[in-house]
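*Asks:* Predicted model follows, preceded by the sequence.
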Amino acid sequence: MSDLPPNAAPGKDLSPAARRALEEAAQRQAADADATARAAELGGPKGPEPTRFGDWERKGIAVDF
């Protein structure tokens, strides 16, 4: 049973489709982690993203254009 994909339930038989889905999910998670590590912004604003609520926020004041 050492050939089970990550996140597989221990002791449970997996269908080929379930095994393939778990392997694809593990590949997507690894790709997302790599993309997140590379996507660091240089020279961006300090603190939280100023447009996270749909408005531009600066020093606690929200400005809606």
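*Replies:* Good, I have the coordinates. Numbering: from 1, shown residues only.
*Asks:* Going by C-alpha atoms from here, please, whenever you check contacts or count neighbours.
*Replies:* OK.
*Asks:* Poorly predicted segments of the chain, please.
*Replies:* Where the chain drops to pLDDT under 70, the residues are 1-2, 4-7, 35-40, 64-65.
*Asks:* now the strands for it?
*Replies:* For the chain, strands defined by DSSP state E occupy the ranges 56-58, 61-63.
*Asks:* tell me how far the ends of stretch 3-16 are from each other?
*Replies:* 13 Å (Cα to Cα, to the nearest Å).
*Asks:* neighbouring contacts of that stretch?
*Replies:* Stretch 3-16 has contacts (Cα atoms under 8 Å, 6 or more residues apart in numbering) with 19, 22-23, 26.
*Asks:* picking up where we left off before, for residue 32, which of the strands of the chain is the nearest?
*Replies:* Minimum separation from residue 32 across these (Cα to Cα) falls at strand 56-58, 27.1 Å.
*Asks:* which parts of that closest one are buried?
*Replies:* Buried residues in strand 56-58, counted by 16 or more other Cα atoms under 10 Å: residue 57.
*Asks:* by contact count, what packs against it?
*Replies:* Counting by 3 or more Cα pairs under 8 Å, 6 or more residues apart in numbering; DSSP states H and E, the packing neighbours recorded for strand 56-58 are strand 61-63.
*Asks:* Okay, now the sheet partners of the strand it packs on, with direction.
*Replies:* The strands beside strand 61-63 in its sheet (DSSP bridges) come out as strand 56-58 (antiparallel).
*Asks:* Output the strands of the chain in CSV; the columns should cover distance to residue 42.
*Replies:* As requested, the strands of the chain are arranged in CSV below (distance: least, Cα to Cα, whole Å):
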stretch, distance to residue 42
strand 56-58, 19
strand 61-63, 24
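*Asks:* Perfect, that will be all.
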